[in-house]
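1. what follows is a predicted structure for the sequence shown.
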Amino acid sequence: QRQLVESGGGLVQTGDSLRLSCTYSQYTFHTYVLGWFRQAPGREREFVTAISWDGEDINYADSVKGRFTISRDDLTNTLNLQMNDLTPEDTAVYYCTADRSMRSFINDDYRPDFWGQGTRVTVST
């Protein structure tokens, strides 16, 4: 069964850090690109970051470069998103996603095939 399950969301203050995690199916997503999207209230879902199956190709949205770090550990089947220096503009529901192609993450005409249920991050002033 192909599943993505997020955890780690919560309420933090501006400037704080937060680490999101996503556990994924052991035998299904090891060869997939994994990544994160987010959806803020009243806005469309947007790409945050993605990492290739071997970790060699990583992409970030401009809005999070230098603050967010994505990593994956296929031994524990965990995708992580370390978020530093958070601002209220980072408030959103964050979704763990998976697809065979990086194109589905960085090209607005495409979307990943697999999505988790999302975890909410709220950054207060």
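-> It's in. Computed from a predicted structure; not experimentally measured. Numbers count the residues shown, from 1 in each chain.
2. and the spatially most central residue of the chain, what does it touch?
-> Nearest to the geometric centre of the chain sits W36, at 2.1 Å (Cα atoms, centre = their mean). Listed by Cβ atoms under 8 Å, 6 or more residues apart in numbering, the contact set of W36 reads 20, 22, 48-50, 70, 79, 81, 94-97. C-beta coordinates here come from the backbone N, C-alpha and C atoms, glycine included.
3. quick one: the helices in the protein?
-> Using DSSP state H, the helices found in the chain span residues 103-106.
4. which regions of it sit below the pLDDT cut-off?
-> For the chain, the stretches with pLDDT under 70 are 1, 26-27.
5. the strands in it, which residues?
-> 4-7, 10-13, 18-24, 33-39, 46-51, 58-60, 68-73, 78-83, 92-99, 114-115, 119-124 (DSSP state E).
6. mind listing what's buried along the fifth one?
-> Taking 16 or more other Cβ atoms under 10 Å as the neighbour-count basis, strand 46-51 is seen to contain the buried residues 47-51.
7. export the strands of the chain to a markdown table and tack on distance to N107?
-> Below are the strands of the chain laid out as a markdown table (distance: least, Cβ to Cβ, whole Å):
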| stretch | distance to N107 |
| --- | --- |
| strand 4-7 | 20 |
| strand 10-13 | 31 |
| strand 18-24 | 22 |
| strand 33-39 | 12 |
| strand 46-51 | 9 |
| strand 58-60 | 11 |
| strand 68-73 | 18 |
| strand 78-83 | 20 |
| strand 92-99 | 11 |
| strand 114-115 | 17 |
| strand 119-124 | 25 |
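8. closest to F105 out of the ones you listed?
-> strand 46-51 (3.9 Å; Cβ to Cβ).
9. quick one: the closest one to strand 18-24, angle?
-> 70 degrees (axes from the mean of the first three to the mean of the last three Cα atoms, to 10 degrees).
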